[in-house]
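Trainee: have a look at this fold, sequence not included:
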C-alpha cells in the first residue's frame, strides 16, 4: 500500500506496512501501476485537473478504479438561532463567502479515458454526541477561517455576532456550546480504467 500527498502542505500519509511515506504526484508512478487511486477532498485545489486525471489514468492497471471525493459545501455547525445577533448568521456567512466549491468531475474523468461507474452524494448529519468531543474545536477553526474571508462581505452586525461566537471566553462561544452539529454533503465519483 502506498500513500499519496496531494501537496507538501497536506498531512503526510504513511504506509504502516512498509514504512514508506506518501509520495508527490510526480513520484507516484514509480510504484505503479495501481489497482485503486483515491483522491479525497483535494482535487478542487489542483491547478490542472485534466493533467492530473490523465496521469492517474496512466498509473492504473486496466480495470483499476479511481475514486474522487469532494465536499459539496463547507460544513454548517451552528443552530439557526445562536442567541447572538439575528437568526441565520451561518447561512449568511456561507452565502457571503461562497463556500460551495464549483466542481463536477464526471466530464474530466471521461476526458481522461475513464469510464464513469457512479456518482453518489452522501448526506452527513451528526449531532454533538455522534460527532464527538472535537466538534467544538473543529467548528471553531472552520468558522474562524470563514471569518477571515468575511470582513469585506458580511454586514457589521453579523461580523460582531460572529466575533462573539468565536470568543472562547464568551458564554455563547462555539467552544462552550452543546447545540452544535455537523451538516454537509460529500460527493464521490467512481470511474474505471477500461
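Mentor: Cool, got the structure. The structure displayed is predicted, hence computed values, not measured ones.

Trainee: pull out the buried residues from the longest helix seen in the chain.
Mentor: Assignment by DSSP state H gives helix 135-150 as the longest helix of the chain. For helix 135-150, burial by neighbour count (16 or more other C-beta atoms under 10 Å) applies to 135, 136, 138, 139, 140, 142, 143, 146, 147, 150. Bear in mind the C-beta positions are built from the backbone N, C-alpha and C, glycine included.

Trainee: burial of the closest residue in space to residue 71 that isn't next to it in sequence, as a residue count?
Mentor: Distance criterion C-beta to C-beta, 6 or more residues apart in numbering; nearest residue to residue 71, sequence neighbours excluded, is residue 186 at 5.5 Å. Here the count is done by other C-beta atoms under 10 Å, and residue 186 has 16 residues near it.

Trainee: give me every residue that touches residue 186.
Mentor: By C-beta atoms under 8 Å, 6 or more residues apart in numbering, the contact set of residue 186 is 41, 69, 70, 71, 72, 121, 122, 124.

Trainee: what about the last one, which helix or strand?
Mentor: In this assignment (DSSP states H and E), residue 124 forms part of strand 115-127.

Trainee: need the contact partners of whatever helix or strand comes next after that strand.
Mentor: The element immediately downstream of strand 115-127 (helix or strand, assigned by DSSP H and E) is helix 128-131. With C-beta under 8 Å, 6+ apart as the test, helix 128-131 has contacts from 135, 138, 178, 179, 180, 181, 182.

Trainee: kindly report the same for stretch 161-173.
Mentor: The contact list for stretch 161-173 (C-beta under 8 Å, 6+ apart) reads 78, 82-86, 89, 93, 140, 143-144, 147, 150, 154, 174-176.

Trainee: again with stretch 95-105
Mentor: 43-44, 49, 53, 68, 70-74, 94, 146, 149-150, 153-154, 189.

Trainee: could you turn the buried ones of those residues into a PyMOL selection?
Mentor: Applying 16+ other C-beta under 10 Å to these, the buried members can be selected in PyMOL as follows:
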select buried, resi 43+49+53+68+70+71+72+74+94+146+150+154+189
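
Trainee: what strands line up against the strand holding residue 124, and which way round?
Mentor: Strand pairing for strand 115-127, determined by DSSP bridges: strand 181-192 (antiparallel).
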